[in-house]
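Peer 1: dropping the sequence and predicted coords here.
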Amino acid sequence: MPHIHEQIDFTVAIFVVHAGKVLVIHHKKLDRWLPLGGHIELHEDPEQAALRETLEESGLEVELLGERPPTTGPGTRALIAPRFLDIHRISETHEHIGMIYFARPKSGQGPAGQVTLAPAEHHQIRWCDSQELDALEPAMSDAVKFYCRTAIQEV
């Protein structure tokens, strides 16, 4: 999806964990190992974007993890809070505010189940345990490894 705003966009990153392993993709355009994720489109909220991106990029239906506060009244819908937020520079003039979610596959899905590669976007998709993250080529960034390992620990 193209950028919605010239200076800043909102994105989601989804760290899906099952049986002590996290699902990562080798992104074609960026040539990096990353979690599932992408831009939040104008017609969707962050939860919808996280569920859509996960399904599009892996074929998995997931449960987002986190706290959902009680709704405060008519016209208000509480959203699951992301586990982390960050802001990262994409170019000299553009940044992304990233909403970082942890998730687990819905029943019957996971390393033993089928994940589907999105060949237009990714070279590879795979489940990794904490040690396997260090062996990925090209090397995964320290920030992404932190999120992967924290997700593995907490989920």
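Peer 2: Here it is on my side, so go on. Residues are numbered from 1 along each chain as shown.
Peer 1: just the helices in the protein please.
Peer 2: Ranges of helices in the chain, per DSSP state H, are 46-58, 142-154.
Peer 1: include mean pLDDT when you put the ones you listed into a markdown table, please.
Peer 2: Output for those, formatted as a markdown table (pLDDT from 0 to 100):
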| stretch | mean pLDDT |
| --- | --- |
| helix 46-58 | 96 |
| helix 142-154 | 97 |
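Peer 1: highest mean neighbour count out of these?
Peer 2: Compared across these, helix 46-58 shows the largest average neighbour count, a mean of 20 (mean count of other CB atoms under 10 Å). Bear in mind the C-beta positions are built from the backbone N, C-alpha and C, glycine included.
Peer 1: for it, which helices and strands make contact with it?
Peer 2: For helix 46-58, the elements it packs on are strand 8-18, strand 21-27, strand 36-39, strand 62-65, strand 94-105, strand 122-128, judged by 3 or more CB pairs under 8 Å, 6 or more residues apart in numbering; DSSP states H and E.
Peer 1: relative to strand 21-27, how tilted is the fifth one?
Peer 2: Taking axes from the mean of the first three to the mean of the last three CA atoms, to 10 degrees, one finds that strand 94-105 is oriented at 140 degrees with respect to strand 21-27.
Peer 1: of all the helices of the chain, which one comes closest to P35?
Peer 2: Using CB to CB as the measure, helix 142-154 is the one of the helices of the chain that comes nearest P35, at 6.9 Å.
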